[in-house]
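1. Next come a sequence and a model predicted from it.
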Amino acid sequence: MYTVKEVAKLLDLTEHTVRYYTDKGLVPSVQRDKNNNRLFDDESINWLRGIKYLKQCGMSVKDIKTYVDLCLEGDSTIHERYEIILKQKAVALAQLEEAKRRVKYLEDKANHYLDIINHVIPDDTNPGKW
């Protein structure tokens with residue numbers, strides 16, 4: 001069994017985050033000791049690892065809770081869970097496209113500055129010189 005502190009270190013989460021996820025009901029296998037401290041077994045760590053990855057993918061805590069609840073219902077919810085993952089994949093792809101646009105903007109801006117540095121064009125980036 002692991003403590004909140006040990007789990008936080010193991011999964012590179014804050015202790016606050018581990019407590020928050022358990023308080024939100026995202027870790028159904030979490031246990032309590034006689035002093036009401038959270039205790040985590042390997043199954044609990046698996047839940048937290050999955051939650052961490054879904055959160056990193058941009059999924060909301062509310063949607064993760066829905067996903068966890070569906071997992072607990074069993075195999076009859078596989079299609080629903082699949083749809084949740086597809087929806088999140090679409091969100092992630094849209095975010096990726098937006099990130100590509102930002103990188104392109106920054107590349108263009110950096111190239112513009114190189115042209116200024118190399119005296120190809122005058123400095124038109126400084127409002128004090130407009």
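-> Yep, it's here.
2. Tell me how far Gly50 lies from Tyr21.
-> The gap separating Gly50 from Tyr21 is 11 Å, by Cβ to Cβ, to the nearest Å. The C-beta positions use only the backbone N, C-alpha and C, and glycine is treated the same way.
3. For these two, indicate the residue with more neighbours.
-> Of the pair Gly50 and Tyr21, Tyr21 is the one with more neighbours under other Cβ atoms under 10 Å, namely 23 against 16.
4. Can you give the distance of the helix or strand containing the more buried one from its chain's centre?
-> Assigned by DSSP states H and E, Tyr21 belongs to helix 15-23. Between the centre of helix 15-23 and the centre of its host chain there is 15 Å, according to Cα atoms, centre = their mean, to the nearest Å.
5. counting contacts, what elements does it pack onto?
-> With contacts taken as 3 or more Cβ pairs under 8 Å, 6 or more residues apart in numbering; DSSP states H and E, helix 15-23 sits against helix 4-11, strand 38-39, helix 42-56.
6. Glu97: how many residues sit nearby?
-> Here the number of neighbours of Glu97 (other Cβ under 10 Å) works out to 10.
7. If anything else comes up later, I'll come back, but that's it for now.
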